[in-house]
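Enquirer: no sequence on this one, just coordinates:
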């Protein structure tokens with residue numbers, strides 16, 4: 001059955017690919033992002049483009065109002081908007097740390113809160129939150145990003161329990177390494193935040209590893225995540241969690257079985273942290 005879907009962060013990567021795929025499947029898709037010009041190619045697939053900044057409540061409300069005016073319902077929200085600012089806890093400014101949480105957590109929460117009354121009235125709906133394996137374990141220099149993704153995990157788990165009696169499903173998608181611009185942006189931020197600090201040497205090694213992995217195409221493509229989003233949207237009874245992407249299952253396994261000190265030591269060893 002065709003569903004009315006809002007996808008945030010749809011100007012590139014996972015959001016763009018999933019908007020295109022779901023529209024091809026026959027769903028009514030509204031793609032939302034700050035840079036609407038980058039979403040113009042989606043229109044050839046029947047995707048409707050909206051401007052939304054998840055840190056600005058009025059733009060979120062305007063998008064929800066537009067969809068309701070046009071369609072009279074909202075069946076699925078895919079909370080995909082987010083970014084990664086890497087760096088040592090000490091060197092990342094509190095302003096940047098707050099922005100990371102504002103975008104990755106409160107933006108997601110704000111849109112979810114606005115559609116919940118609509119979905120309750122329908123007694124049906126689905127909220128799909130794009131989290132990360134970074135919400136289940138930590139790597140060196142990803143601290144504030146991990147903070148935001150751990151929060152998405154907790155938010156989604158609580159909401160899933162609360163919303164189920166009203167016919168609303170909440171699904172978490174926790175990708176591993178995905179080949180998008182996210183990796184390059186996170187590596188750039190890592191270099192920027194560590195320059196001239198005591199962390200510079202080991203942080204530079206980690207950034208080089210991130211650049212190498214991106215250029216070598218060792219990561220899975222966005223379609224790996226899109227497949228899970230498609231299952232979350234179309235399944236009669238979706239799973240609570242999906243773990244797409246190369247290395248996701250392996251990272252979660254080793255984090256689960258290794259003692260904390262062993263995991264920490266491997267982290268330090270990977271970037272030759274003294």
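Expert: Happy to help now that I have it. Since the structure is predicted, the reported quantities are computational estimates derived from the model, not experimental observations. Numbers count the residues shown, from 1 in each chain.
Enquirer: alpha carbons only for contacts and neighbour counts from here, please
Expert: Fine.
Enquirer: longest helix anywhere in the chain?
Expert: Assignment by DSSP state H gives helix 143-163 as the longest helix of the chain.
Enquirer: Could you give the average pLDDT over that helix?
Expert: The average pLDDT within helix 143-163 is 97.
Enquirer: elements contacting the next helix-or-strand element following it?
Expert: Going down the chain from helix 143-163, the next helix or strand is strand 168-173, by DSSP states H and E. Using 3 or more CA pairs under 8 Å, 6 or more residues apart in numbering; DSSP states H and E as the contact test, the elements touching strand 168-173 are strand 125-130, helix 143-163, helix 222-234, strand 241-242.
Enquirer: residue ranges of the strands in this structure, please?
Expert: Taking DSSP state E as the test, the strands found in the chain are 4-8, 28-33, 48-51, 76-79, 125-130, 168-173, 241-242.
Enquirer: Now do the second one: distance to the chain's middle.
Expert: Spelled out, it's strand 28-33. From the chain centre to the centre of strand 28-33 is a distance of 16 Å (CA atoms, centre = their mean, to the nearest Å).
Enquirer: Direction included, what does it pair against?
Expert: Take DSSP bridges as the rule and strand 28-33 pairs in its sheet with strand 4-8 (parallel), strand 48-51 (parallel).
Enquirer: For that strand, buried residues please.
Expert: Buried residues in strand 28-33, counted by 16 or more other CA atoms under 10 Å: 28-33.
Enquirer: most tightly surrounded among the helices and strands packed on strand 168-173?
Expert: With neighbours defined as mean count of other CA atoms under 10 Å, the helices and strands packed on strand 168-173 peak in mean count at strand 125-130, which reaches a mean of 26.
Enquirer: I'd like the distance from that one to the chain centre, please.
Expert: Relative to its chain's centre, strand 125-130 lies at 11 Å (CA atoms, centre = their mean).
Enquirer: So which of the helices and strands packed on strand 168-173 is nearest residue 210?
Expert: Closest to residue 210 of those is helix 143-163 (CA to CA; 15.2 Å).
Enquirer: quick one: contacts of that closest one?
Expert: Contacts to helix 143-163, defined as CA atoms under 8 Å, 6 or more residues apart in numbering, come from residues 84-89, 97, 100-101, 104-105, 109, 129, 131-132, 134-138, 168-172.
Enquirer: Restricted to helices, list these.
Expert: Using DSSP H, the members of the contacts of helix 143-163 that fall in helices are 97, 100-101, 109.
Enquirer: Pick the most deeply packed of the strands paired with strand 28-33.
Expert: Comparing these by mean neighbour count (mean count of other CA under 10 Å), strand 4-8 comes out on top with a mean of 25.
Enquirer: dump the residue contacts of residue 110.
Expert: 54, 57, 60.
Enquirer: Need the pLDDT of it.
Expert: Residue 110 carries a pLDDT value of 98.
Enquirer: what mean pLDDT does stretch 265-274 have?
Expert: Average pLDDT, stretch 265-274: 84.
Enquirer: same thing with stretch 88-98?
Expert: For stretch 88-98, the mean pLDDT works out to 94.
Enquirer: what's the answer for stretch 198-216, then?
Expert: 85.
Enquirer: And it, what's buried?
Expert: Neighbour-count burial for stretch 198-216 flags 199-208, 210-211, 213-214 (criterion: 16+ other CA under 10 Å).
Enquirer: and what of stretch 34-43?
Expert: Going by neighbour count (16+ other CA under 10 Å), the buried part of stretch 34-43 is 34-35, 39, 42.
Enquirer: For those residues, work out which two are farthest apart.
Expert: The largest separation in the buried residues of stretch 34-43, counting by CA to CA, is between 34 and 42 at 14.8 Å.
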